[in-house]
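Chemist: heads up, no residue letters with this:
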């Protein structure tokens, strides 16, 4: 009898809350597509310095009742020419905008880039321009955001990059300059169940 009662109680207890991957739209302008990963076919998008959400990497998330988690990888955008020279300390700063110009947060990736350094995946470029053949993502920082219930649009825009080589520091903050790369977008909707711990 006790076993039957416990079985019934367990059956009525809500299952632990889980997340499931759901589809979303990347609505970035076609010219922001740097290329696709040779191994994963994942798209890599350039991030430009701008305060205009429409000029950034736009992402339209679907309507959710419980909210969810959105994540992406942030990389530096570096031209690894044969004469790269000294190692460089690089800091890249991007901002996430929602609902037009409302800032969700500012995110930074900082690394030391050494001559001859390679990215962990070859990117098959969409551009055939001579300079673009040297450009590559480098470094990786995964950014994860809690998304509120309802529909939401996000835009990833660049703020600045700071490059230090020896005693020389250069700050890049000119609007329209491509300073970062984003990839590996994921959105998981929270399913019904127990509250998040």
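Modeler: That came through, no problem. Quick caveat, the model's predicted, so the values are computed rather than measured.

Chemist: Please enumerate the strands of the protein.
Modeler: Here the chain has its strands, by DSSP state E, at 19-21, 25-26, 33-37, 43-48, 57-61, 68-79, 88-98, 102-113, 123-125, 135-147, 152-165, 168-172, 178-190.

Chemist: now those strands in TSV, with mean pLDDT?
Modeler: TSV is the format used below for the strands of the chain (pLDDT from 0 to 100):
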stretch	mean pLDDT
strand 19-21	50
strand 25-26	86
strand 33-37	95
strand 43-48	97
strand 57-61	92
strand 68-79	94
strand 88-98	95
strand 102-113	94
strand 123-125	94
strand 135-147	94
strand 152-165	94
strand 168-172	96
strand 178-190	92
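
Chemist: Pick the most deeply packed of those strands.
Modeler: strand 43-48 (a mean of 24; mean count of other CB atoms under 10 Å). Every residue, glycine included, has its C-beta placed from N, CA and C.

Chemist: Neighbouring strands of that one in the sheet, and parallel or not?
Modeler: Here strand 43-48 has these sheet partners by DSSP bridges: strand 33-37 (antiparallel), strand 178-190 (antiparallel).

Chemist: Not counting that strand itself, show me its contacts.
Modeler: 26, 28, 32-37, 55-57, 75, 77, 94, 123, 137, 156-158, 175-183 (CB atoms under 8 Å, 6 or more residues apart in numbering).

Chemist: Ok, stretch 78-86 next?
Modeler: By CB under 8 Å, 6+ apart, stretch 78-86 touches 90, 113, 115-118, 131, 134-138, 165-166.

Chemist: ok, now how distant is the residue nearest to residue 109 when sequence neighbours are not counted from residue 125?
Modeler: Spatially, and ignoring its direct neighbours in sequence, residue 109 is nearest to residue 141 (4.1 Å; CB to CB, 6 or more residues apart in numbering). Residue 141 sits 22 Å away from residue 125, taking CB to CB, to the nearest Å as the criterion.
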